[in-house]
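Engineer: below is the structure, and that's it, no one-letter string:
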Ligand SMILES: [Zn+2]
Ligand SMILES: [Zn+2]
Ligand SMILES: [Zn+2]
């Protein structure tokens with residue numbers, strides 16, 4: 001993620017900032033990908049601290065508008081959980097917009113989000129995250145850090161976050177969009193296997209065995225089914241592109257990272273992953289000074305790199321022209 005600046009005084013502004021030290025009310029404009037003042041504000045601003053602009057007075061921003069269902073907000077912690085979850089969604093939408101996805105120039109379908117809480121005010125409901133037919137279910141209960149950490153430990157996962165959930169579930173949605181492109185599916189099946197393999201049975205087998213991911217998969221869950229392998233691979237590609245983008249935008253430099261490097265514009269996956277790995281190793285070292293965990297605790301094997309390269313090629317090129325015209329018209 002880039003750093004932004006206040007249009008009135010030039011002070012650095014972060015993606016989620018609502019105000020500047022100069023007193024300006026900041027809003028993030030997803031079209032121009034910049035901080036603005038004097039724009040229509042998302043009607044969710046006061047309620048959940050959404051800082052995005054809206055297309056007109058009294059409207060939702062592009063991100064909140066995708067949330068078709070939200071939890072009962074006066075119940076328990078639901079308001080805070082929704083606010084925390086929506087932050088992650090805006091972040092990931094802004095990342096994908098760098099490659100043209102869901103921008104004004106992209107005329108394709110948008111995901112619809114069911115933002116559900118386990119706390120319904122009466123009985124606790126079970127919420128399973130997933131994607132089906134353009135609808136993405138997100139369990140906002142996991143925006144609670146203790147609950148999420150407990151599940152991460154129970155599942156033996158090395159990393160679990162709301163941003164990660166959005167990257168994973170949006171990858172399933174993007175798969176459906178990409179299948180419309182000639183050549184995508186046969187090339188996908190060559191690398192990930194046949195996604196028509198019955199899903200329910202594969203998941204049942206996975207939870208019964210919890211197989212070791214071995215060399216072929218980025219995570220254990222990726223081994224469950226070709227669809228999950230794709231979603232995990234895309235999520236990890238986005239992790240790496242985005243933390244490298246954050247590194248560059250802070251102004252930090254180091255050997256191996258070219259001056260003025262722009263990870264979202266990079267088309268050479270080998271180079272991208274090489275640079276991202278250098279950054280990860282460096283930040284891991286810094287984290288050890290505070291006894292914190294690794295920034296990115298994964299190792300990329302040859303087969304995993306090939307999957308990330310495939311995802312990178314298709315996600316970048318599908319809407320490259322749309323992304324370019326968007327930036328020019330903004
Ligand atoms: Zn300012
Ligand atoms: Zn909003
Ligand atoms: Zn999935």
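Structural biologist: Thanks, I have the structure now. From a predicted model like this one, the values you see are computed outputs, not experimental measurements. Numbering: from 1, shown residues only. Ligands and ions are numbered 1, 2, ... in the order given.

Engineer: packing partners of the strand or helix carrying residue 231?
Structural biologist: Using DSSP states H and E, residue 231 sits in helix 226-249. Other helices and strands packing on helix 226-249, by 3 or more Cβ pairs under 8 Å, 6 or more residues apart in numbering; DSSP states H and E, are helix 78-97, helix 162-178, helix 184-192, helix 269-288, helix 302-317. Every residue, glycine included, has its C-beta placed from N, CA and C.

Engineer: how about 7 Å then?
Structural biologist: helix 162-178, helix 184-192, helix 269-288, helix 302-317 (3 or more Cβ pairs under 7 Å, 6 or more residues apart in numbering; DSSP states H and E).

Engineer: what helices and strands are in contact with the longest one?
Structural biologist: Read that as helix 269-288. For helix 269-288, the packing partners by 3+ Cβ pairs under 7 Å, 6+ apart are helix 226-249, helix 302-317.

Engineer: and among those, the most buried is which?
Structural biologist: helix 226-249 (a mean of 23; mean count of other Cβ atoms under 10 Å).

Engineer: that helix close to ligand 3?
Structural biologist: Yes. Against ligand 3, helix 226-249 shows contacts by Cβ under 5 Å from the ion at 228, 231.

Engineer: picking up where we left off before, wait, which of the helices and strands packed on helix 269-288 is closest to ligand 1?
Structural biologist: For ligand 1, the closest of the helices and strands packed on helix 269-288 is helix 226-249, at 18.4 Å, according to Cβ to the ion.

Engineer: what lies in contact with that closest one?
Structural biologist: The contact list for helix 226-249, computed with Cβ atoms under 7 Å, 6 or more residues apart in numbering, reads 1-3, 95, 164, 167-168, 171-172, 174-175, 192-195, 197, 199, 217-219, 221-222, 257, 261, 263-264, 272-273, 275-276, 279, 295-296, 298, 307-308, 311-312, 315.

Engineer: follow-up on the earlier one: will you turn the helices and strands packed on helix 269-288 into TSV that also has mean pLDDT and distance to residue 146?
Structural biologist: Putting the helices and strands packed on helix 269-288 into TSV (pLDDT from 0 to 100; distance: least, Cβ to Cβ, whole Å) gives the following:
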stretch	mean pLDDT	distance to residue 146
helix 226-249	97	23
helix 302-317	96	31
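
Engineer: closest to residue 31 out of the ones you listed?
Structural biologist: Nearest of the helices and strands packed on helix 269-288 to residue 31, taken as Cβ to Cβ: helix 226-249 at 19.1 Å.

Engineer: give me the angle between the closest one and helix 269-288.
Structural biologist: 70 degrees (axes from the mean of the first three to the mean of the last three Cα atoms, to 10 degrees).

Engineer: from the chain's centroid, how far away is helix 226-249?
Structural biologist: 8 Å (Cα atoms, centre = their mean, to the nearest Å).

Engineer: angle of that helix against helix 184-192?
Structural biologist: Using the same axes, to 10 degrees: helix 226-249 against helix 184-192 is 90 degrees.

Engineer: rewinding a little: for residue 29, find the nearest of the helices and strands packed on helix 269-288.
Structural biologist: Checking those against residue 29 by Cβ to Cβ gives helix 226-249 as the closest, at 17.6 Å.

Engineer: just the element for the most far-flung residue of the chain relative to its centre, please.
Structural biologist: Centroid-distance maximum for the chain: residue 122 at 31.6 Å, with Cα atoms, centre = their mean. Under DSSP H and E, no helix or strand contains residue 122.

Engineer: quick one: it from residue 76, how far?
Structural biologist: Going from residue 122 to residue 76 by Cβ to Cβ, to the nearest Å gives 11 Å.

Engineer: break this structure into its domains for me.
Structural biologist: 1-60, 64-329 (automatic domain parsing).

Engineer: appreciated, that's everything.
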